[in-house]
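Q: Sequence first, then the predicted structure, then my questions.
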Amino acid sequence: MNHAVQAAPAKPVAQSPTSDEIRVNIGCGTDVAEGWWNIDNSPSVTLSRVPGMRRALKLPEWPKEVRRHDVLRGLPFEDGTVSCVYSSHTFEHFTYEQSVSVARECFRVLKLGGVLRVVVPDLGKIVRDYLIDESPLASHRFVERLLLGHTWRDALHPGAHHSQMFDRRSLVAMLREAGFSNPQVTQYGVSKIPDVQKIELESRRAESLYVEVEKSREDGEARGH
Ligand SMILES: C[S@@+](CC[C@H](N)C(=O)[O-])C[C@H]1O[C@@H](n2cnc3c(N)ncnc32)[C@H](O)[C@@H]1O
């Protein structure tokens, strides 16, 4: 499969908000992690900062640390400068082609030994739950949980509906396609990212699939970095 979608180069930035180490949280939502670049593209980030707008439109209160940026346009960091990229419940909002493109950007910006951790809703679990649900409307609950029905409101809330669903095989395959040779399925809180507990949401634990990969020398040689 060739799913090349080229991201336009984003303007590089100089350094992380609080330290020399750059750590990036893609699709952070309103849960920001201290010491990370917390990136989200929701229009409500900008709108909620216009006086009076947040209350009038009942928008969420976005922490000031959240930077509005569309990762489909690339990541605003130089090659090989980022220590960790974390993303929770965001890759499923991209098409498969877009998710490969964003993962390639993660590959580009990560240092050797840098870590990408992707957390998504686990389609395998949703299917298993359906198969043991004996209630008459199990089929409807199953379909609802997929959240695949886009509406015009997604323009204001890009986190409301999904464009794809992953299981462990497809998430590993997507990261391999992006250039990472050894993605591994892991668990809540089990990570090479120091202090992962500061960014990982307990509220996502029961429904999530966790896959992590370190950018290795073999990946780098294969792709000429
Ligand atoms: C379901 S929320 C997840 C929030 C949080 N990470 C969590 O696990 O609860 C997905 C987030 O991804 C953001 N998002 C969707 N597409 C994006 C894009 N192209 N660039 C940056 N953020 C995006 C949405 O605005 C939304 O806040």
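A: Looks like it came in fine. Numbering: from 1, shown residues only.

Q: use CA for all of it now, contacts and neighbours both
A: Will do.

Q: Quick check: chain neighbours aside, which residue is closest to V211?
A: V185 (4.4 Å; CA to CA, 6 or more residues apart in numbering).

Q: got the contact list for V24?
A: V24 is in contact with 36-39, 82, 84-86, counting by CA atoms under 8 Å, 6 or more residues apart in numbering.

Q: tally of neighbours for the residue nearest to V211?
A: By other CA atoms under 10 Å, 16 other residues sit near V185.

Q: What's the first helix or strand after the lengthiest helix in the chain?
A: Counting by DSSP state H, the longest helix found in the chain is helix 96-109. Per DSSP states H and E, the first helix or strand lying C-terminal to helix 96-109 is strand 110-121.

Q: I'd like to know which elements that next one is packed against.
A: strand 82-88, strand 208-214 (3 or more CA pairs under 8 Å, 6 or more residues apart in numbering; DSSP states H and E).

Q: Is the residue nearest to V211 in a helix, a strand, or coil?
A: Following DSSP: H, G, I helix; E, B strand; the rest coil, V185 is assigned to strand.

Q: Wait, it touches R168, no?
A: Yes: counting by CA atoms under 8 Å, V185 touches R168, with 6.9 Å between them.

Q: which residues do these two both contact?
A: Residues touching both V185 and R168 by CA under 8 Å, 6+ apart: 209, 211.

Q: what sits against the spatially most central residue of the chain?
A: Per CA atoms, centre = their mean, the C-alpha nearest to the average position across the chain is that of S87, at 3.1 Å. With contact set as CA under 8 Å, 6+ apart, S87 has these partners: 25-28, 117-119.

Q: Just put these in CSV and tack on neighbour count.
A: Shown next, in CSV, are these (neighbours: other CA atoms under 10 Å):
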residue, neighbour count
N25, 22
I26, 26
G27, 27
C28, 23
R117, 23
V118, 25
V119, 26
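
Q: Please tabulate those residues in a markdown table, including the columns pLDDT and distance to K215.
A: Output for the contacts of S87, formatted as a markdown table (pLDDT from 0 to 100; distance: CA to CA, whole Å):
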| residue | pLDDT | distance to K215 |
| --- | --- | --- |
| N25 | 98 | 17 |
| I26 | 98 | 17 |
| G27 | 97 | 21 |
| C28 | 96 | 22 |
| R117 | 98 | 11 |
| V118 | 98 | 14 |
| V119 | 98 | 17 |
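
Q: restrict these to those near the ligand?
A: Here is what survives when these are matched to the ligand using CA under 6 Å from any ligand atom: 27-28.
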